[in-house]
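[1] Predicted coordinates and the sequence they were generated for:
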Amino acid sequence: MIGQKIISVIIPVYEQPDLLRDALNSITKQTVNDYEVVVVDDASNTDFKPIVNAYDDRVRLITHDENLGAAAARNTGIEHADGEYMAFLDADDTWEPTKLEKQREVFENGDDDLGLVYTGFVQYELDGSEWERFPEARGDIYLEELERDRVHPTSTVMVQRDVVEEVGGFDTSLPSRQDYDLWLRITEHYTVDYVDEILVDKREQPDSISKDFDSRIKGDLAVFEKIKERAADLDFITRSRIYSYHHHVIGRDYESNGDRQKALKHLGLAILRYPIRPISWAMFVIALVGIDRNGPLLNFAKRFVR
């Protein structure tokens, strides 16, 4: 590699060679050229060298000796990255051509305390449906972020290298929601901005962590413990609203995992903590009545949450 690249793109990958090609092809179509790509193979059975070698020397491959998970793979990518900015791309996602250029422009026009820039995205579900989500939160959003994740998924995010070095990388002790945990640590000290466009295509996969509700729930509970520590000194109303939403998320995921008793417990706590959030009442009724969580009503409720 000749010289320092301004943007480092970090791609964790486990199997799925065809998806990796799609992700890499979307990077080659970017309207900026001063980037590098660090592909981190998390101990796949697939040999990714021929795929990576098909691209120019801006694309490098790092290989784990054992499977450590996507968060650890991203941390490995961070350790090997040389750019001033870092952008994360999951191997099953792709970018629109102007994604990196527009995010860098926001950084260059922003203040020194700007630490993270994200974009909108479109989600393609396994059932063929799709939905879009545009950015909404910018500025000093730490208190908002404590309540729920306002920043979008990792593939939408670009961060300053110095910021990640200061707050630390992804917490590999968490079973899930490592991205939310990192966004919390960034927003505690830095502001956030966004590009108000859909610049990321996310494709749901059958083995996605979002479908592994056991891991999701473990991550929900672990993150909630961190949230309670952070919110302990806040005023009662703010703390109650924050706790309520996390109980809502935990209850929602228990319901999706078929555990009605625990779902009702956490959804009830969500209502007790902050009774004026309608979606918690709706989810409580869904769990109480036992409405099919894959049916049209629950799918509508999920879209309402988004």
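    Perfect, thanks for sending it.

[2] Now do the phi/psi pair for Arg60.
    As for Arg60, its main-chain torsions (degrees, to the nearest 10) stand at phi -120, psi 160.

[3] what do you get for Leu199?
    The phi/psi pair for Leu199 (degrees, to the nearest 10) is phi -120, psi 0.

[4] hang on, it packs against Thr98?
    Yes: under the criterion of C-beta atoms under 8 Å, Leu199 makes contact with Thr98 at 6.8 Å. C-betas here are computed from N, CA, C, even on glycine.

[5] So these two - more neighbours on which side?
    Leu199 (22 against 17; other C-beta atoms under 10 Å).

[6] what's near enough to touch the more buried one?
    Shown in contact with Leu199 (C-beta atoms under 8 Å, 6 or more residues apart in numbering): 95-96, 98-99, 102, 119-121, 156.

[7] Can I get those in CSV including distance to Phe236?
    Shown next, in CSV, are the contacts of Leu199 (distance: C-beta to C-beta, whole Å):
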residue, distance to Phe236
Trp95, 43
Glu96, 44
Thr98, 45
Lys99, 42
Lys102, 41
Thr119, 36
Gly120, 35
Phe121, 35
Thr156, 34
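
[8] Show only the entries of those residues found in strands.
    95, 119-121 (DSSP state E).

[9] biggest separation within these, which pair?
    In the ones in strands among the contacts of Leu199, two members sit farther apart than any others by C-beta to C-beta. They are Trp95 and Gly120, at 12.0 Å.

[10] nearest spatial neighbour of Asn257, skipping sequence neighbours?
    If the residues on either side of it in the chain are set aside, Asn257 comes closest to Phe213, at 3.7 Å by C-beta to C-beta, 6 or more residues apart in numbering.

[11] circling back to that earlier point, shared neighbours of Trp95 and Gly120, anything?
    199-200.

[12] Comparing the two, which shows the higher neighbour count?
    In this view Trp95 and Gly120 are compared by other C-beta under 10 Å, and Trp95 has more residues nearby, 23 against 18.

[13] my read: that one touches Leu24, true?
    No: assessed by C-beta under 8 Å, Trp95 is found out of contact with Leu24, at 10.6 Å.

[14] for this structure, which helix is longest?
    Longest helix of the chain, by residue count under DSSP state H: helix 236-256.

[15] Buried residues, that helix. List them.
    Neighbour counts over helix 236-256 (16 or more other C-beta atoms under 10 Å) mark 239-256 as buried.

[16] contacting residues around it?
    143, 146-148, 213, 216-217, 220-221, 223-224, 227-228, 231-232, 234, 260, 262-274, 277, 279-280, 283-284, 286-287, 293, 305.

[17] nearest to Ile78, of the ones in strands among the contacts of Leu199?
    Trp95 (18.9 Å).

[18] who's in contact with the residue nearest to the closest one when sequence neighbours are not counted?
    Distances taken as C-beta to C-beta, 6+ apart put Ser26 closest to Trp95, at 4.6 Å, once the chain neighbours are dropped. With contact set as C-beta under 8 Å, 6+ apart, Ser26 has these partners: 89, 94-97.

[19] Now do the phi/psi pair for Ser26.
    The phi/psi pair for Ser26 (degrees, to the nearest 10) is phi -70, psi -30.

[20] where's it relative to Asp201, distance?
    8 Å (C-beta to C-beta, to the nearest Å).
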